[in-house]
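**Student:** Sequence and predicted structure, then a few things I'm wondering about:
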Amino acid sequence: MIPTSWYIIIGIFLFCLGVFAVITRRNTVIALIGIELMLNAANLNFVAFGRMQVNPFEGQMAALFVIVLAAAEVAVGLAIVLNVYKRYRTVNLDEIDTLSDE
Amino acid sequence: MNLEMIVFILFAALTLVAGLGVAISRNVVYSVFLLFVILFGMAALYVLAGAEFLAVSQILIYVGGILILLLFGVMLTHKVREMKPRSGIVNLLPGLGVAGGLMAVLFYVLGKANFPETPPAPTQLVDTKALGLETVTHFLLPFEVISILLLVALIGAAYISRKSESPENPTS
């Protein structure tokens, strides 16, 4: 059996890479990819800790639900991104600042 | 160090290298395709954790659905003539600070945490049939709720991204 902490370490690295991508990139699609990385890292933790539960299904079911939520999130997020692009002709997060106080 | 661990390390290294590529690659299309590598690596890690159905779902939903959506997103939001969907790196220091600080905190918590390293031997076989039975018995309510949520989200996404009827006001 693989030690649980190995999974947790991979999850930590993936989560931090996702945070780094969201903070340092100005492209909306890459921000969405960063969020996917974070969701995947959380999923890895669910699966790893689910192995030591009394009910062995709980971790995997939670991970499945997270995958479904990620699909819904990406669908709505990309619809919003397409609308933003139609309006501003850019997906650079720094240039979409109509609501900001100049 | 047995064969299982070596395979795990190989796939984990693949996933992490691809993750680093996603975070620093300047080409948006490269980032999307490296996400593909990450998702396959994660599916392999799920298999090693005994979650085969989850691995297959991961490949079907993420690679078959989400990745295609992301590629469409890149395609529709960059001018085809330019052929250079680039995205530079900004906020490098704050990004490194936040991500590094978060990583330090998480490793500190992992070092303090107290849990058994190897899980107990499974009392029940977690195969796809058992997982399906569990879905429609113990997890019936979350299953129904999430199916309604998915339906609502997809209808909402289709509504938001529809073509506008009036050409004068294209964003309504």
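**Tutor:** Great, that's in hand. Residues are numbered from 1 along each chain as shown, chains lettered A, B, ... in the order given.
**Student:** got the residue ranges for the helices in chain A?
**Tutor:** Along chain A, counting by DSSP state H, helices occupy A:4-24, A:28-50, A:58-88.
**Student:** Give me the helices and strands touching the last one, please.
**Tutor:** Other elements packing on helix A:58-88 under the criterion 3 or more C-beta pairs under 8 Å, 6 or more residues apart in numbering or on different chains; DSSP states H and E are helix A:28-50, helix B:52-57, helix B:67-76, helix B:128-135, helix B:140-160. Heads up, the C-betas are built off the backbone N, CA and C, glycines and all.
**Student:** Quick check: which of those is buried the most?
**Tutor:** Counting by mean count of other C-beta atoms under 10 Å in any protein chain shown, helix A:28-50 has the highest mean neighbour count of the helices and strands packed on helix A:58-88, with a mean of 23.
**Student:** residues contacting residue 31?
**Tutor:** Reading this off chain A. By C-beta atoms under 8 Å, 6 or more residues apart in numbering or on different chains, the contact set of A:Ala31 is A:Ala21, A:Val22, A:Arg25, A:Leu93.
**Student:** You answered for a different chain; I wanted chain B.
**Tutor:** A:Val29, A:Ile30, A:Ile33, B:Gly21, B:Val22, B:Ser25.
**Student:** So what's the residue count around B:Thr77?
**Tutor:** Using other C-beta atoms under 10 Å in any protein chain shown, B:Thr77 has 21 neighbouring residues.
**Student:** typo on my end, B:Asn114
**Tutor:** 4.
**Student:** and what of A:Tyr7?
**Tutor:** Using other C-beta under 10 Å: A:Tyr7 sits among 24 other residues.
**Student:** Tell me, what's the model's pLDDT at residue 4?
**Tutor:** The chain I'm using is chain A. Looking at A:Thr4, its pLDDT is 87.
**Student:** please go with chain B instead
**Tutor:** pLDDT, B:Glu4: 88.
**Student:** Next, find the distance separating the closest residue in space to A:Val76 that isn't next to it in sequence from A:Val81.
**Tutor:** Among residues not flanking A:Val76 along the chain, B:Ala157 sits closest, at 4.8 Å (C-beta to C-beta, 6 or more residues apart in numbering or on different chains). Per C-beta to C-beta, to the nearest Å, B:Ala157 is found 11 Å from A:Val81.
**Student:** ok, now which ones touch the residue nearest to A:Leu78 when sequence neighbours are not counted?
**Tutor:** With sequence-adjacent residues excluded and distances taken as C-beta to C-beta, 6+ apart, A:Leu78 is closest to B:Gly73, at 4.6 Å. B:Gly73 is in contact with A:Val29, A:Leu32, A:Leu78, A:Val81, A:Leu82, counting by C-beta under 8 Å, 6+ apart.
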